[in-house]
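Trainee: Sequence plus the predicted model coming up.
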Amino acid sequence: MTRLGFVLASDSCIGCHACTVACKSEHDVPLGVNRTWLKYVETGSFPNTGRSFTVMRCNHCEDAPCVTICPTSALHKASNGVVDFDDSRCIGCKACMNACPYDAIYINPATNTANKCNFCNHRVEVGLEPACVVVCPTHAIITGDLDDPNSEIARIVARDKVSVRAPEQGTNPKVFYRGVDQAALDPTRTRIADDGMIWADTTPDHPTISGVMAEHSGNGVIGRTAYTTTHAMTWKSKVSGYLVTKAIAAGVMAMAALMVILGHGASSSAAGLLPAVVAGVFTAVTGVLLVADLKQPGRFLYILTKSNTSSWLVRGAWILGAFAGVTGLWGLLDLINAESVLPWLALPQVVLSAGVAGYTAFLFGQCEGRDLWQTPLLLPTLLAQAVVAGAASYGLLDLVIDVPEATAVRITMLGGLGALALLILTEVVSHGSRSVELATLEMTRGRYAQRFWFGGVVLGLLVPMVLTAVALSADGATSGLSAVAGLSALVGLFAYEDAYVRAGQSVPLS
């Protein structure tokens, strides 16, 4: 069994970019993206300064999270240990980009598929070395079989002091660095200066910690990133919106099941056809958002026809499909006046609603490059959000239908909001790692602070809590208060999710 790997000798690298150019030429890599690139880091203060050159690329991990999360096995392990890819299977979901702790994957603008360093496997398989190895003038890139004790790379790894990037992620990378400045391997310890870089102006897509992160995290910055490449944010408003739409669908059907359990199954408007239609519409919107976010939307059925069952994108699709089927059956039974069967469907409907609301916690858990999303609090947070979304939707429906057990709905709303507030508070004050601390700072004090505090906390928690409490204590018609509370909660839910999704991707990985 061959286990190919790289040694990147930073103590020999002269920063000439020959490897980057050779890689681009060999693979026709378009402008603006790179399979391999150089990072310049400067440390010290004048006159005692130093500059180190570090080659960045895919680490061909033993336990590659990109392979696990890829829903169609477009990313896969070759028999020689190389993590390779198949353009023809990629749907452009970008999940692999958030799963990779090394920023090594990009979307090829020419093919709209995920590409990265594949060790020049087409060359290796016919006995040639990768293009970057051939052109390196100082033999700073060494490849070979890590399991062959007589190979040059195995001797270097065994004999010399070598380091790997992000060892805490447990991916067992097969790219080793010799003679590297440790600041170059940890992008949270260096920062792009405000005066720009050597040959390019900085843009928001250049990975670096923000001023807020540096100011409020005990700093820890010991170097200046003088040259690197851009890496655009992967998941944005469509993903934030999908989290809200599926929470509404799941929450509405959970509330409908509660209505049936409380004996209101005969009410089509409150517990039968109407909630099934609302949930069906928002499930469809969820699907539209997911497909629209793909770079290859025409291949969306590959999730079902070329499934990698270890991916929570695939498992989530199954859960959404089962939920849609049971929800459709729920509405059909009410339509044909067979509502007496609904109590038998109540438990499966609640279980599937919880699955729809919560499976994203496991999907985000597979995004090992984004530490903020690894929290065990994410699952209960998503479930609490579904409870709030369901109660909020019933608060809005109360304007047009007679919702029975309105008091129970409002109590459910308050309970969900209280649980959500406690979970968010716990998340904000507890920091599992430096990356989590930096992402939390960006969410609460940085670029997304207004979205988080005004949108997520004020509109999403405080306003609906107050209005719902007033509606519970007031006499007479209070459906207007419940509707405003529900609308405020849903708007705030999107604001919070958008801040959370974006902040999780704000910490640089390279």
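Mentor: Arrived safely.
Trainee: drop to CA atoms for contacts and neighbour counts, all remaining ones
Mentor: Fine.
Trainee: Flag the helix or strand of the protein with the lowest per-element mean pLDDT.
Mentor: When each helix and strand of the chain is scored by mean pLDDT, DSSP states H and E, helix 268-271 comes last, with a mean of 80.
Trainee: quick one: contacts of that helix?
Mentor: The set of residues external to helix 268-271 that reach it, using C-alpha atoms under 8 Å, 6 or more residues apart in numbering, is 255-257, 259-260, 264-265, 274-275, 334, 401-404.
Trainee: Report the buried residues of the helix or strand just after it.
Mentor: Remark: after helix 268-271, the chain's next helix or strand is helix 273-292, criterion DSSP states H and E. Neighbour counts over helix 273-292 (16 or more other C-alpha atoms under 10 Å) mark 273-287, 289-292 as buried.
Trainee: just stretch 16-24 next, same as before
Mentor: For stretch 16-24, by 16+ other C-alpha under 10 Å, it's 17, 18, 19, 20, 21, 22, 23, 24.
Trainee: How many neighbouring residues does residue 474 have?
Mentor: Neighbour count of residue 474, defined by other C-alpha atoms under 10 Å: 10.
Trainee: need the contact list for residue 304.
Mentor: 314, 317.
Trainee: can you tell me the helix or strand for it?
Mentor: helix 302-305.
Trainee: coming back round to it: return the distance of the least confident helix or strand of the chain from the chain's centre.
Mentor: Offset of helix 268-271 from its chain centre (C-alpha atoms, centre = their mean, to the nearest Å): 36 Å.
Trainee: From residue 444, how far out is the residue nearest to residue 236 when sequence neighbours are not counted?
Mentor: Leaving aside its chain neighbours, residue 236 sits nearest to residue 502 (6.5 Å; criterion: C-alpha to C-alpha, 6 or more residues apart in numbering). The gap separating residue 502 from residue 444 is 12 Å, by C-alpha to C-alpha, to the nearest Å.
Trainee: List the buried residues of stretch 137-157.
Mentor: Of all the residues in stretch 137-157, those buried under the rule 16+ other C-alpha under 10 Å are 140, 141, 142, 143, 144, 145, 146, 152, 153, 154, 156, 157.
Trainee: what comes into contact with that stretch?
Mentor: Residues contacting stretch 137-157 (C-alpha under 8 Å, 6+ apart): 2-14, 129, 132-133, 176.
Trainee: Residue 372 contacts residue 442, correct?
Mentor: No: in this structure residue 372 lies outside contact range of residue 442 using C-alpha atoms under 8 Å: 11.2 Å.
Trainee: which one of these two has more residues nearby?
Mentor: residue 372 (29 against 26).
Trainee: a strand runs through that one, doesn't it?
Mentor: No: going by DSSP: H, G, I helix; E, B strand; the rest coil, the assignment for residue 372 is helix, not a strand.
Trainee: re earlier: now the contacts of stretch 137-157: which count as buried?
Mentor: Among those, those that count as buried by neighbour count (16+ other C-alpha under 10 Å) are 3-13, 129, 132-133, 176.
Trainee: Cross those residues against helices and list the overlap.
Mentor: Among the buried ones among the contacts of stretch 137-157, the ones falling in helices (DSSP state H) are 132, 133.
Trainee: Closest one of the buried ones among the contacts of stretch 137-157 to residue 107?
Mentor: Using C-alpha to C-alpha, residue 132 comes nearest to residue 107 of the buried ones among the contacts of stretch 137-157, at 21.0 Å.
Trainee: Give me the nearest residue to that closest one, chain neighbours excluded.
Mentor: residue 19 (4.3 Å).
Trainee: Which secondary structure state does the one you found sit in?
Mentor: Here residue 19 is helix, with the state taken from three-state DSSP.
Trainee: who's in contact with it?
Mentor: 36, 37, 131, 132, 133, 135, 136.
Trainee: what's the distance between the last one and residue 335?
Mentor: Shown here: residue 136 relative to residue 335, a distance of 71 Å by C-alpha to C-alpha.
Trainee: More neighbours: these two, which one.
Mentor: Of the pair residue 136 and residue 335, residue 136 is the one with more neighbours under other C-alpha under 10 Å, namely 19 against 13.
Trainee: What strand or helix carries the closest residue to residue 452 other than its chain neighbours?
Mentor: In space, residue 452 comes closest to residue 496 once its chain neighbours are excluded; the distance is 5.2 Å by C-alpha to C-alpha, 6+ apart. Using DSSP H and E, residue 496 sits within helix 479-504.
Trainee: Can you give the distance of that helix from its chain's centre?
Mentor: Taking C-alpha atoms, centre = their mean, the mean C-alpha location of helix 479-504 is offset from the chain mean by 20 Å.
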